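**Q** got a predicted structure plus its sequence, pasted below:
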Amino acid sequence: MRPLLVKPALVGLQGESVLLGDKSIAHRSVIISAISHGNTTIENFPNNKDCLSTLKALKKLGIKITQENSETAKSCSAITILGKGLRGLSSPKGPIFLGDSGTTLRLLLGVLAGQNFKTKLKAGKSLSQRPMLRVTVPLRMMGAIIKSKVPCLPAGRESQKSKIEEYAPITIKGGNLMPITYKMPVASAQVKSAILLAGLYTKGKTEVIEPTKTRDHTERILKLFKADIKLKQNTIVIKGNKELVSPGRIYIPGDISSASFFMVLATLIPGSQIRIRNVSLNPSRTGIISVLKRMGANIRITDYRLPITDYEPMGDIFVKSANLRGTIVKKEEIPALIDELPILMLAACRASGRTVFEGVSELRVKETDRINSMSGNLKKMGADIRTIKKNGQEQIVIKGVKELKGSRISSFADHRTAMSMVVAGLVAGGETLIDDIDCINKSFPNFFSFLKNLLRPSCKVLLRPC
């Protein structure tokens, strides 16, 4: 437990920063590099807990990885993956522990579905409580043999076992997979990615149909590695039994989810003016920018570029302070900003008028129930927040207030809740005590270093460990 005392920032943020590589892109880059032919050097790889879990798992599956320290070696580095092709992974000597990285677990299940050996994947406390039926169902349809943890059923309900949710630990035995056409019941980039990766091991075409378009990092990286993949609106078709070929070198742009905390903070503190360089501007991830601009934020994109054909666009984000107004965030927008909803909830608390977030049920099955964690904390600080159900869909309704007040709050051991509440403490009146900030290392181990770089010298004492 590492508590933190936060005092209000009375002077605007100034300066510029280059953020760690995008977590979602990093996971996919190393996994796809491992099952490709050739060596791949990945620059600006973020050394957070989740991404390191992926590296450790691949090493246990027989992949050789070398790491070249950079000037900021503690936070990011250049790594080289020695690819072994689609079927080059080795049977691990024992269970593989993945910590609390949901992306690692779900994407590896897709790859392991095509391997001719058995693997047991174990998870940390938080990940062991996250639903996995959404990914095990389609992989079983393709031919993978999967055993997972299920709740004990009362006598007489054994026939309902197929409908009961599943959790880690999960044991998977792969082999000869069949292509499928799968219409996803829930919009999930992780589930989509697992199916597409498994589709690489079939002798036909696997088709995935999304209810709503989700982030497309997997599709872009597969295309970069010469996979036979085609996209048409919400349908992705991948042809299997074709080896992937490494492009040799990849640069991972900055994580827009990490940038969102500084974007909102700079918007809310008068006199702020910051630039965040080399940020991922993938259209499936820029929902946070669209919503903030709709709310009146002063945000500009500069130096937009596409460094490699078919790869990830990137650029600089320039933010100046501004007054916000309420808006309606539609259900179909949620997948493009699911990870940014906690910090957007804070922005809504300081916007004039009412903000509505529609179709937010997925927030309940993240590292914690983020509807509960954010609503509970912000209410303690004086926010006007309600959660309602309308037409069977869960909504968050927030009415803006003039000021939030410092309070004693909990991170709920969730990295995005914790960082959002650090920002809340800086824009609130009075002191805010957060019970534990260690969880921030899951995605952004150098969060406070980047934050202090943007705070004026007189403000750097506002963050004090207790």
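**A** Great, that's in hand. Values in this document were obtained by computation on a predicted structure and should not be read as measured data.

**Q** so who does the closest residue in space to Met295 that isn't next to it in sequence touch?
**A** Nearest residue to Met295 in three dimensions, chain neighbours excluded: Leu324, at 4.5 Å (Cβ to Cβ, 6 or more residues apart in numbering). All C-beta atoms are positioned from the backbone trio N, CA, C, and that covers glycine. Leu324 makes contact with Thr267, Leu268, Leu292, Met295, Gly296, Ala297, Ala347, Ala348, Arg350, Ala351, Ser352, Gly400, according to Cβ atoms under 8 Å, 6 or more residues apart in numbering.

**Q** any quick PyMOL command for the buried ones out of these?
**A** Command for PyMOL that selects the buried part of the contacts of Leu324, burial taken from 16 or more other Cβ atoms under 10 Å:
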select buried, resi 267+268+292+295+297+347+348+350+351+400
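
**Q** which one of the contacts of Leu324 is nearest Ser36?
**A** Nearest to Ser36 among the contacts of Leu324 is Leu292, at 36.9 Å by Cβ to Cβ.

**Q** so that closest one sits in a strand?
**A** No - with DSSP: H, G, I helix; E, B strand; the rest coil as the criterion, Leu292 is located in helix rather than a strand.

**Q** make sure it is actually in contact with Leu268.
**A** No - using Cβ atoms under 8 Å, Leu292 makes no contact with Leu268, being 10.7 Å away.

**Q** tell me which element Pro138 falls in.
**A** Using DSSP states H and E, Pro138 sits in helix 133-142.

**Q** the helix or strand following that helix versus helix 133-142: what angle between them?
**A** Reading on from helix 133-142 to the C-terminus, the next helix or strand found by DSSP H and E is strand 145-149. Angle, strand 145-149 to helix 133-142, by axes from the mean of the first three to the mean of the last three Cα atoms, to 10 degrees: 160 degrees.

**Q** buried ones in strand 145-149?
**A** By 16+ other Cβ under 10 Å, the buried positions in strand 145-149 come out as Ile146, Ser148.

**Q** run the chain-centre distance for the helix holding Pro138.
**A** Centroid separation for helix 133-142 versus its chain: 21 Å, with Cα atoms, centre = their mean, to the nearest Å.

**Q** distance check, the closest residue to Thr218 other than its chain neighbours against Glu394.
**A** With sequence-adjacent residues excluded and distances taken as Cβ to Cβ, 6+ apart, Thr218 is closest to Ser193, at 4.0 Å. When distance is defined by Cβ to Cβ, to the nearest Å, Ser193 is 25 Å away from Glu394.

**Q** so how far is Glu332 from Phe444?
**A** 28 Å.

**Q** next: Val137.
**A** 24 Å.

**Q** would you mind pulling the contact partners of the strand or helix carrying Ile301?
**A** Taking DSSP H and E as the definition, one finds Ile301 inside strand 298-305. Contacts of strand 298-305 from elsewhere in the structure, counted by Cβ under 8 Å, 6+ apart, are 263, 267, 275, 277, 281, 289, 292-293, 313-322.

**Q** picking up where we left off before, measure the residue nearest to Met295 to Phe262 for me?
**A** 16 Å.

**Q** swap in Thr417?
**A** Thr417 sits 17 Å away from Phe262, going by Cβ to Cβ.

**Q** also Ile229?
**A** 34 Å.

**Q** compare Thr417 and Phe262 (neighbour count), which wins?
**A** Comparing Thr417 with Phe262 by other Cβ atoms under 10 Å, the one with more neighbours is Thr417, at 28 against 25.

**Q** quick one: residues contacting Gly21.
**A** With Cβ under 8 Å, 6+ apart, Gly21 has these contacts: Glu43, Asn44, Phe45, Pro46, Cys76, Ile252, Pro253, Gly254, Asp255.

**Q** as TSV, the residues you listed with secondary structure and distance to Glu68 would be great.
**A** Shown next, in TSV, are those (DSSP: H, G, I helix; E, B strand; the rest coil; distance: Cβ to Cβ, whole Å):
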residue	secondary structure	distance to Glu68
Glu43	strand	9
Asn44	strand	12
Phe45	strand	10
Pro46	strand	14
Cys76	strand	11
Ile252	coil	14
Pro253	coil	19
Gly254	strand	19
Asp255	coil	20
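
**Q** pLDDT weak spots in the stretch 301-450 of the chain?
**A** Across the stretch 301-450 of the chain, the ranges flagged by pLDDT under 70 are 309.

**Q** need the helices for it, in chain order.
**A** Ranges of helices within the stretch 301-450 of the chain are 341-349, 370-380, 415-427, 447-454, based on DSSP state H, counting those that start in this stretch.

**Q** could you point out which of these sits nearest Leu121?
**A** The minimum distance between Leu121 and the helices of the stretch 301-450 of the chain falls on helix 415-427, with 21.2 Å, by Cβ to Cβ.

**Q** let's see the closest one as CSV, backbone CA atoms only.
**A** Extracted in CSV, the C-alpha atoms of helix 415-427 (Å, rounded to 0.1, in the frame of the first residue of the first chain):
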residue,chain,number,x,y,z
HIS,A,415,-4.6,1.9,-12.4
ARG,A,416,-7.0,4.0,-14.4
THR,A,417,-9.1,4.9,-11.3
ALA,A,418,-6.0,5.8,-9.4
MET,A,419,-4.6,8.1,-12.2
SER,A,420,-8.0,9.7,-12.7
MET,A,421,-8.2,10.5,-9.0
VAL,A,422,-4.7,12.0,-8.9
VAL,A,423,-6.0,14.4,-11.6
ALA,A,424,-9.2,15.0,-9.6
GLY,A,425,-7.1,15.9,-6.6
LEU,A,426,-5.1,18.4,-8.6
VAL,A,427,-8.3,20.2,-9.9
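
**Q** and that helix, how far out from the chain middle?
**A** 17 Å.

**Q** buried residues of it, list them for me.
**A** For helix 415-427, using 16+ other Cβ under 10 Å, the buried residues are 415-427.
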